[in-house]
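# Predicted model and sequence below, questions to follow.
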Amino acid sequence: MNTLKQLKQYTKVVADTGDFESMRQYQPIDATTNPSLIYSSASDPRYAPLVEEAIAYGRQQAESSSEKLGLCLDKLAVNFGLEILKIVPGRVSTEVDARLSFDIERTIEKARSLIRLYEANHISRERILIKVAATWEGIKAAEVLEKEGIRTNLTLLFSKIQAIACAEAGVQLISPFVGRILDWHKAQRKGDHILAEEDPGVLSVKAIYNYYKKFGYSTEVMGASFRNTGEIIELAGCDLLTISPSLLAELEQDQQTISPKLTPEIALASDEEKILPDEKMFRWLLNEDAMATEKLAEGIRKFTADLIKLEQFIAPKLA
């Protein structure tokens, strides 16, 4: 049994791609998308009908250029989500505009509009995760959405305090970014090699998983943004792991035997202590974590840049 098949015994594997053929090949449970992945796929001639249908929708539903573009991008994200849901048996994550990361009301409005588009295509909201940046405002928006039955995936998560606030808000799932945490620490240490079992991103996810399981939170932990298979293997047993096609291929070709590194039993025996954060505590502890502060801000900027590239690709076609 190859390493990927073994991993699937302990963890739900999610495809981090917008490419449908990769999903068919690796048969993940769920799939995640973002503007960068959609941009890459939208520029592929194979997916031109999805783009054309989104453009037609934008033209029909709005008058101004900005409204047309916004609706077109929403419909394009949903179009990809609809195709993905024909392949995966579980859920697809669809992202809210990163430029709304500090706007509670507009994040809620955008999430509702995305859900309406899915439901208009006879997809129940249980199969959709709305991706929102794990800022304080994003978490508060997610808390409202969860009460409406709109499930959320809190992304750009780099610290335990973000994870705890998400769990207290009752969000469905969080996506801690393993590889980006590693990137920051490598830059600080000015060295390239860090063992997987000592990887700061891996250790962060383990601490979050242990905290959740020890204190009985239902929020799912989905490790994301991996740089190598060693990180993935060290997180075997995590609720979910979202993995790029290139790393899925490496795991499929690997034959090493693996075992779960995260279990509820290990979590219960951990020395985690419970805290109940309010906004002041959240902002202070996030501010005290230089890595999390820098990577959260950088992540919002990068997600925004990816979205702008997608807008620049689509806008001329709407004219």
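Alright, I've got the coordinates.
# Burial check on Arg151, number of neighbours?
22 (other CB atoms under 10 Å). Just so you know, the C-beta spots here come from the backbone N, C-alpha and C atoms, and that holds for glycine as well.
# Number the chain from 7, please
In the new count, where the first residue is 7, that last one comes out as Arg157.
# surely it meets Ile134?
Yes: using CB atoms under 8 Å, Arg157 makes contact with Ile134 at a distance of 6.7 Å.
# What segments of the stretch 157-306 of the chain are helices?
Along the stretch 157-306 of the chain, counting by DSSP state H, counting those that start in this stretch, helices occupy 166-175, 184-195, 206-220, 235-240, 251-259, 270-274, 285-294, 296-324.
# can you list residues touching both of Arg157 and Ile134?
Counting by CB atoms under 8 Å, 6 or more residues apart in numbering, the contacts common to Arg157 and Ile134 are Arg97.
# got the CA positions of stretch 264-276 in CSV?
Extracted C-alpha coordinates of stretch 264-276, given in CSV (Å, rounded to 0.1, in the frame of the first residue of the first chain):
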residue,chain,number,x,y,z
ILE,A,264,3.4,5.5,8.2
SER,A,265,1.3,5.7,11.4
PRO,A,266,-0.9,8.3,12.9
LYS,A,267,1.0,11.1,14.7
LEU,A,268,-2.1,12.9,15.9
THR,A,269,-4.8,11.1,17.9
PRO,A,270,-7.5,12.1,20.4
GLU,A,271,-5.7,10.0,23.0
ILE,A,272,-2.4,11.9,22.6
ALA,A,273,-4.4,15.2,22.7
LEU,A,274,-6.1,14.3,26.0
ALA,A,275,-2.8,13.6,27.6
SER,A,276,-1.3,16.9,26.4
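# mind listing what's buried in that stretch?
For stretch 264-276, a neighbour-count test (16 or more other CB atoms under 10 Å) marks 264, 266-269, 272-273 as buried.
# Residues contacting that stretch, please?
With CB under 8 Å, 6+ apart, stretch 264-276 has contacts from 9, 12-13, 16, 212, 215-220, 239-244.
# Which residue, other than its chain neighbours, is closest to Ile320?
Cys78 (5.8 Å; CB to CB, 6 or more residues apart in numbering).
# returning to what we had before: indicate which one of the helices of the stretch 157-306 of the chain is closest to Met228.
For Met228, the closest of the helices of the stretch 157-306 of the chain is helix 206-220, at 9.3 Å, according to CB to CB.
# circling back to that earlier point, among the helices of the stretch 157-306 of the chain, which is nearest Val102?
Of all the helices of the stretch 157-306 of the chain, it is helix 296-324 that lies closest to Val102, at 9.8 Å by CB to CB.
# tell me which strands and helices the closest one is in contact with?
If you count contacts as 3 or more CB pairs under 8 Å, 6 or more residues apart in numbering; DSSP states H and E, helix 296-324 packs onto helix 41-48, helix 54-67, helix 71-91, strand 134-139, strand 158-163, helix 166-175, helix 184-195, helix 285-294.
# Can you check which of these gets nearest to Arg97?
Short answer: strand 134-139, nearest of these by CB to CB, at 5.4 Å.
# And the average pLDDT for that closest one is what?
Per-residue pLDDT over strand 134-139 has a mean of 98.
# Now do the helix or strand following that strand and helix 166-175, the angle between them.
The element immediately downstream of strand 134-139 (helix or strand, assigned by DSSP states H and E) is helix 142-153. Following axes from the mean of the first three to the mean of the last three CA atoms, to 10 degrees, one obtains 30 degrees for the angle between helix 142-153 and helix 166-175.
# Pull stretch 61-73 out as CSV, backbone CA atoms only.
The C-alpha coordinates for stretch 61-73 follow below in CSV (Å, rounded to 0.1, in the frame of the first residue of the first chain):
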residue,chain,number,x,y,z
ILE,A,61,-19.4,36.4,-18.3
ALA,A,62,-22.9,36.0,-19.7
TYR,A,63,-24.3,35.9,-16.2
GLY,A,64,-22.4,39.1,-15.2
ARG,A,65,-23.7,40.9,-18.3
GLN,A,66,-27.3,39.9,-17.6
GLN,A,67,-27.5,40.6,-13.9
ALA,A,68,-25.8,44.0,-13.6
GLU,A,69,-25.6,47.4,-15.2
SER,A,70,-22.3,49.0,-14.2
SER,A,71,-18.9,47.6,-15.1
SER,A,72,-17.9,47.1,-11.5
GLU,A,73,-21.1,45.2,-10.6
